[in-house]
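1. compute the structure for the input listed below.
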Amino acid sequence: MLTSTPSSQPAISQRRIVIGDVHGHYDTLNLLLEAIAPNSEDQVYFLGDLIDRGPQSSQVVDFVMRHKYHCILGNHEHMLLETVVKGMLTLINCKDGFMEGVTQP
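-> This next block holds a predicted model:
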């Protein structure tokens, strides 16, 4: 026989706020967060693509880091990191011949 008992857990007042695809639109992000008005109990998650397309990518990244919000990388962040790493490897290869030693058997 199944019985139901009242839960002894307190009511949850914390919200989980999920935001995706900001794409460098810092002003729009601020308007959104003003409307949502997250408090210190809320958890805010960003689902990637903070950067690119919009004019304020660096402000968006700084804002998310400053507030220590949860964030995963999107394909735009991944492309940026790939470009940076490839550029660094090219510079190392040109300067020190590093890649020759790595790619030679």
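
2. in the protein, where is pLDDT below threshold?
-> Flagging of the chain using pLDDT under 70 yields the residue ranges 1-12, 91-105.

3. nearest the middle, which residue of it would you pick?
-> Among the residues of the chain, Cys71 comes closest to the average C-alpha position under Cα atoms, centre = their mean, at 3.4 Å.

4. who touches that residue in this structure?
-> Contacts here follow Cβ atoms under 8 Å, 6 or more residues apart in numbering; on that basis Cys71 touches Tyr45, Phe46, Gly48, Leu50, Val64. For the C-beta atoms, the positions are set from N, CA and C on the backbone; glycine is no exception.

5. and which of those residues is nearest Ile17?
-> Tyr45 (6.9 Å; Cβ to Cβ).

6. and the residue nearest to the centre of the chain, how far from Glu82?
-> For Cys71, the distance to Glu82 (Cβ to Cβ, to the nearest Å) stands at 18 Å.
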